[in-house]
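J.: What follows is a protein structure lacking sequence information:
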């Protein structure tokens, strides 16, 4: 991340219970993610950590090239939902900004060292992925004025985990939500 401006004009979300991360196949992992989403929706009263799905878009299920690695990334990213946002943050203890979250997850579970900023991550090696070919573990990017300003980790079914803004927490959002749909700039696959 390169600026201190908020990525998304949302309100802070309550911190949900943390979950552990053991390797399981991707389909059960998505079921666990769905169960986590339902549990989180009940924890926050009127404010929710998971955005409601807008009508209309079906997201195809695309198997990742390395299901075990993708599952490890998915479980670790989901376990961090509720961690506070902090500009420049890159650990659960200090909080995360968007690229700090991505770097921490990939380094923690796969010992994969990635570039630090969202702009550098967008230029990182790896194929660009069309939205209909997204698989768990792909990086999704968002731009403002043509320049990449935000990154998240795709978890499946049109959802991604990210650290959105000052005062907020790591959370799940939908790619087809109004803000994210309008600022989506592409995706990259870093898992091979």
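T.: On my side now, so go ahead. Bear in mind that the values here come from a model prediction, so they are computed numbers and not experimental data.
J.: Show me what the longest strand along the chain packs onto, helices and strands only.
T.: The residue-count maximum for a strand in the chain (DSSP state E) belongs to strand 147-156. Using 3 or more Cβ pairs under 8 Å, 6 or more residues apart in numbering; DSSP states H and E, the elements in contact with strand 147-156 are helix 26-43, helix 67-79, helix 98-110, helix 118-122, strand 139-144, strand 159-162. C-beta here means a position set from N, CA and C on the backbone, and glycine is covered the same way.
J.: Report the inter-axis angle for it versus helix 98-110.
T.: Going by axes from the mean of the first three to the mean of the last three Cα atoms, to 10 degrees, strand 147-156 is angled at 40 degrees with respect to helix 98-110.
J.: middle-most residue in this structure, spatially?
T.: Nearest residue to the geometric centre of the chain (Cα atoms, centre = their mean): residue 161, 2.1 Å.
J.: Flag the shaky bits of the protein, pLDDT-wise.
T.: 1-56 (pLDDT under 70).
J.: repeat that with 90
T.: 1-58, 125-128, 145-146, 165-167, 192 (pLDDT under 90).
J.: where does residue 103 sit relative to residue 172, distance-wise?
T.: 19 Å (Cβ to Cβ, to the nearest Å).
J.: again, but for residue 147
T.: 25 Å.
J.: Which residue of those two possesses the greater neighbour count?
T.: Legend: neighbour count by other Cβ atoms under 10 Å for residue 147 and residue 172, higher for residue 172 (22 against 12).
J.: That one: what secondary structure?
T.: strand (DSSP: H, G, I helix; E, B strand; the rest coil).
J.: Show me what it is bridged to.
T.: residue 50, residue 161 (DSSP bridges).
J.: Pretty sure it sits against residue 80.
T.: No: applying Cβ atoms under 8 Å, one finds residue 172 not in contact with residue 80, separated by 10.8 Å.
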